[in-house]
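J.: Give me the fold of what follows.
(one chain, ligands or ions: 1)
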Amino acid sequence: MTKQARARLSSKRPSAIVFLAVALTFACWAPRAEYDIVFLGGSVFDGSGAAAVLADVGVRDGLIAAVGDLGEASALESIDATGLTIAPGFIDAHSHAELDEDYGRDARAFLAQGITTVALGLDGDGRWDVARQLDAWASDGIGVNGLLFVGHNAIRREVMNMDDRAPTSEELARMKAMVRSAMEEGAFGLSTGLFYTPGNYATTEEVIELAKVAAEWERAIYDTHDRDLGATYQGIGYDASIAEGIRIGEESGLRVTFSHFNPQGATNYGRAEVGARMIEDARARGVEVWAAQHPYTATQSNLRAYALPRWATAGGQDAIMRRFAHPDTLAILRVQMLESLAMRGGPEKIMIVDEDPRLNGRTVAALAAEWGMTVPDALQTVFTDSGNATVMNLDLYDIENTRYLAGMPWMMTCTDGRTPAEGQVTVHPRVYGAFARKMRLFALDENVISVPFAIRSFTGLAADFFGLSDRGYIRPGMRADLAILDLDTYRDMATMEAPHQYAEGAVHVLVNGAFAIRDRAFLGTMAGEPIRASWEYSGDR
Ligand SMILES: [Zn+2]
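T.: Next up, the predicted model:
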């Protein structure tokens, strides 16, 4: 180093220190911007069902900090929301978002609709190791907020396998203990799938016994996939099934929600009022009953549940195979499988959406034709080779029923959608479009419900039901879960023929104050949080 250079350096040192000191002083003294983000001039729907107000929304530290005129406020970022709708992030009241899987963790199909919170563990499938699942979400990251139910079917399968019988008192005690530990770990309540095995082997009384355990937590929830939605072979019928769900709530003390509430099958077209009236009557006598809907006429389930009579599924795959191998039993099965499908509109209405590429995208009728078989032979082949298959039932719901139910004040909204796995070419479009489709069809195009009413069914109504005291509304202090939409272009794009298309029109979506979608582009942000139920324990443990 030359003498001059050394001199230069030493002469610079003090100035560098002075600069640093000035910078630190400035950093300490400069007032922090009032907001991290301000959205200016949007139409704000607060989630209560009230009409929109023109306002700015300020976000700070992951919370909604202010709603009003923030034009003069300081903000790290100001974003023009002129012409855009600002709504609370949507709550998917009955979801199958695959947040535990790498392919589903970012929840894109849901975010693109404006959904920021999903309720999972439904149809009786929820695991009882709730804390472990919630902890995994926290450590692995999730794109939306998630909450969990503990599932009766999962518990029953663990304790009693696929047995078609009542539990022993020891088995019932074990199941109760599993419900209790799941509730202690933050489950929102008990879910059942009384339509599915092994849930359909349970009596109403068995479910009430388990529901009473969950009901030791104040305001906890019973979420039911009904035993018979109307197209169940040798079932109890739609009306009796709704009555059963209400009775379980009434006798256990749990609040009730009916998953994807809608009567199924051609014999129930035009009968939505019957179920709705049963819910209204229950509410009038103080039973808290709610429901959720999606706007599609197709359902999704599995082929065993749709094609096999209840008696034939007991005991699981090996037992089913023994029945197919017995000539007399097979003869009965061949008849009853066709009768089961007939209640659902026939084999041409059962569309296979399983990830198995040999089956995907074909109706049962088309598959039988492709294989040169009768329908019963084709079914037997699928049950033998694959055990089961994921299927849709086309045109099972009456859109008139769905329209009517959309207007009920207790009707929340759900996708009931499962994130597609790789290879699932044909899938139910509801996972990509349920919320956008309900808004587009029932509110914007047909005016069956108003836009604020639709948004309430997506947000505040569900937040109230799930007891999410800091979500579902645009108010200061709430979590900044925001769906900022261009309502002119907000629509579902997924169709039966081309399902893998995200909904359009969500301009910005924020989860806990972080952009998940910005300027209509996914950022892959994992800003979702596991949500534990905060029900108060009121039992006598
Ligand atoms: Zn479901």
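J.: Tell me the secondary structure at residue 483.
T.: Under DSSP: H, G, I helix; E, B strand; the rest coil, the three-state class of residue 483 is strand.
J.: nearest residue to it other than its sequence neighbours?
T.: residue 114 (3.1 Å; CB to CB, 6 or more residues apart in numbering). Heads up, the C-betas are built off the backbone N, CA and C, glycines and all.
J.: and if you look at residue 509?
T.: Nearest to residue 509 is residue 517, by CB to CB, 6+ apart, at 4.0 Å.
J.: Let me know the distance separating the one you found from the ion.
T.: 25 Å (CB to the ion, to the nearest Å).
J.: likewise residue 443?
T.: For residue 443, the distance to the ion - CB to the ion - is 24 Å.
J.: Can you report how many residues neighbour that residue?
T.: 21 (other CB atoms under 10 Å).
J.: Distance of it relative to residue 453?
T.: Distance of residue 443 to residue 453, computed by CB to CB, to the nearest Å: 7 Å.
J.: What does the pLDDT read for the residue most central in space within the chain?
T.: Centroid-nearest residue in the chain, with CA atoms, centre = their mean: residue 95, separated by 1.7 Å. pLDDT, residue 95: 98.
J.: what does residue 528 give?
T.: 98.
J.: confidence score at the spatially closest residue to it that is not a sequence neighbour?
T.: The shortest distance from residue 528 to any non-neighbouring residue, by CB to CB, 6+ apart, is to residue 142 (3.9 Å). pLDDT, residue 142: 98.
J.: quick one: residue 142 and residue 108 touch, right?
T.: No: assessed by CB atoms under 8 Å, residue 142 is found out of contact with residue 108, at 11.9 Å.
J.: Neighbour count: those two, which is higher?
T.: Comparing residue 142 with residue 108 by other CB under 10 Å, the one with more neighbours is residue 142, at 24 against 18.
J.: how much space is there between that one and the ion?
T.: 19 Å.
J.: Helix, strand, or coil at that residue?
T.: coil.
J.: Report the contact partners of it.
T.: Each residue near residue 142 by CB atoms under 8 Å, 6 or more residues apart in numbering is listed here: 99, 105-107, 526, 528-530.
J.: Report the two of those separated the most.
T.: With distances taken as CB to CB, the most widely separated pair in these is 106 and 530, at 15.4 Å.
J.: okay, the residue in the stretch 351-500 of the chain positioned nearest to the ion: pLDDT?
T.: The stretch 351-500 of the chain approaches the ion most closely through residue 416 (4.4 Å), counting by CB to the ion. The model reports residue 416 with a pLDDT of 96.
J.: now do residue 2
T.: 44.
J.: Leaving out chain neighbours, which residue sits closest to residue 364?
T.: residue 347 (3.9 Å).
J.: Residue 97 versus the residue in the stretch 151-300 of the chain that the ion sits nearest to, what's the distance?
T.: Taking CB to the ion, the ion has its nearest neighbour within the stretch 151-300 of the chain at residue 259, 5.6 Å off. Remark: distance between residue 259 and residue 97 (CB to CB) = 15 Å.
J.: Do any residues in the host helix or strand of residue 155 lie close to the ion?
T.: Element membership for residue 155 (DSSP states H and E) is helix 152-160. No: against the ion, helix 152-160 shows no contacts by CB under 5 Å from the ion, the least distance being 11.8 Å.
J.: what is the mean pLDDT for that helix?
T.: Helix 152-160 comes out at a mean pLDDT of 98.
J.: what's in contact with that helix?
T.: 123-128, 167, 171, 174-175, 178-179, 190-193, 196-199, 201-202, 207, 210.
J.: residue ranges with poor pLDDT in this structure?
T.: 1-30, 541 (pLDDT under 70).
J.: Break down the stretch 401-541 of the chain into its helices, ranges please.
T.: 430-438, 451-458, 460-466 (DSSP state H, counting those that start in this stretch).
J.: on that earlier part again, now tabulate the contacts of residue 142 in JSON lines and tack on distance to the ion.
T.: Output for those, formatted as JSON lines (distance: CB to the ion, whole Å):
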{"residue": "99", "distance to the ion": "15"}
{"residue": "105", "distance to the ion": "19"}
{"residue": "106", "distance to the ion": "21"}
{"residue": "107", "distance to the ion": "16"}
{"residue": "526", "distance to the ion": "24"}
{"residue": "528", "distance to the ion": "20"}
{"residue": "529", "distance to the ion": "23"}
{"residue": "530", "distance to the ion": "20"}
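J.: Most neighbours among those residues, which one is it?
T.: residue 528 (29 neighbours).
J.: my guess is that residue meets residue 145, correct?
T.: Yes: contact criterion CB under 8 Å: residue 528 and residue 145 qualify, at 4.8 Å.
J.: Overlap in contacts, those two.
T.: In contact with both residue 528 and residue 145: 116, 511-512, using CB under 8 Å, 6+ apart.
J.: Among these, which one sits closest to residue 339?
T.: After measuring these against residue 339 - CB to CB - the closest member comes out as residue 116, at 43.7 Å.
J.: Residue 528 versus the residue nearest to residue 509, what's the distance?
T.: 13 Å.
J.: between the two, what contacts are shared?
T.: By CB under 8 Å, 6+ apart, no residue touches both residue 517 and residue 528.
J.: and the residue nearest to the centre of the chain, what does it touch?
T.: Here residue 95 is in contact with 110, 115, 118-120, 122, 414-417 (CB under 8 Å, 6+ apart).
J.: who's in contact with the residue of the stretch 351-500 of the chain closest to the ion?
T.: 94-96, 259-260, 294, 300, 430, 434.
J.: Those residues in strands, which ones?
T.: The members of the contacts of residue 416 that map onto strands under DSSP state E are residue 300.
J.: Can you name the residues of the protein sitting close to the ion?
T.: So the chain meets the ion at 123, 416 (CB under 5 Å from the ion).
J.: Can you tell me the closest non-neighbouring residue to residue 278?
T.: residue 242 (5.0 Å).
J.: mind checking the SS state of the one you found?
T.: helix.
J.: With residue 250 instead?
T.: Classified using three-state DSSP, residue 250 is helix.
J.: what number of residues lie near the closest residue to it other than its chain neighbours?
T.: In space, and not counting its chain neighbours, residue 250 is closest to residue 287: 4.8 Å by CB to CB, 6+ apart. Neighbours of residue 287 under the rule other CB under 10 Å: 18.
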